[in-house]
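1. Can you look at this prediction? I've put the sequence above it.
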Amino acid sequence: DVQLVESGGGSVHAGGSTRLACVLADYNSKCMGWFRQVPGKEREGVASLSTVGSITAYADSVKDRFVISLDGAKGILYLQMNSLRPEDTATYYCAGSQTGGLWNVAGTYDSWGQGTQVTVS
């Protein structure tokens, strides 16, 4: 399994920005992603990045506001979150997949971080 450790998040005013980081102990994955979850709802795919070709994908709700990126040298996956809205409030998880698959399906991923809370008010 890929070991993932997240950081960042916290409380942010609407319209503001924040950046999440996910340290990858082994970032030799085919696909990495960010998901979010609010109580009572399913985990939602936010963004993904394939390590082959650096192809990115985003949920419609965050497109043009969030950017996923990878610093390969440092082994850190980022999620830059801009123009934040109250509806972006959630626990955010980074995830890694060594096999690939549908990017926005949680079952594609075999390793998960512990989650970090982002609250937008």
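-> Looks like it came in fine.
2. give me the beta-bridge partners of the residue nearest to the spatial centre of the chain?
-> Central residue check for the chain by CA atoms, centre = their mean: the C-alpha nearest the mean position is that of Trp34, 1.9 Å away. Note on Trp34: beta-bridge partners by DSSP bridges are Ala47, Cys94.
3. just Gln80 next, same as before
-> The partner residues for Gln80, given DSSP bridges, come to Arg19, Val67.
4. which ones are touching it?
-> Ser17, Arg19, Phe66, Val67, Ile68, Ser69 (CB atoms under 8 Å, 6 or more residues apart in numbering). In this view, the C-beta of every residue, glycine as well, is placed from N, C-alpha and C.
5. is it true that the residue nearest to the centre of the chain touches Tyr93?
-> Yes - assessed by CB atoms under 8 Å, Trp34 is found in contact with Tyr93 at 7.0 Å.
6. rewinding a little: as CSV, the contacts of Gln80 with neighbour count would be great.
-> Converted to CSV, the contacts of Gln80 look like this (neighbours: other CB atoms under 10 Å):
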residue, neighbour count
Ser17, 13
Arg19, 14
Phe66, 22
Val67, 16
Ile68, 22
Ser69, 14
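7. for the chain, which spans come out with low pLDDT?
-> 1-2, 26-27 (pLDDT under 70).
8. relative to its centroid, which residue of it is most remote?
-> Largest centre distance within the chain, by CA atoms, centre = their mean: Ser121, 20.3 Å.
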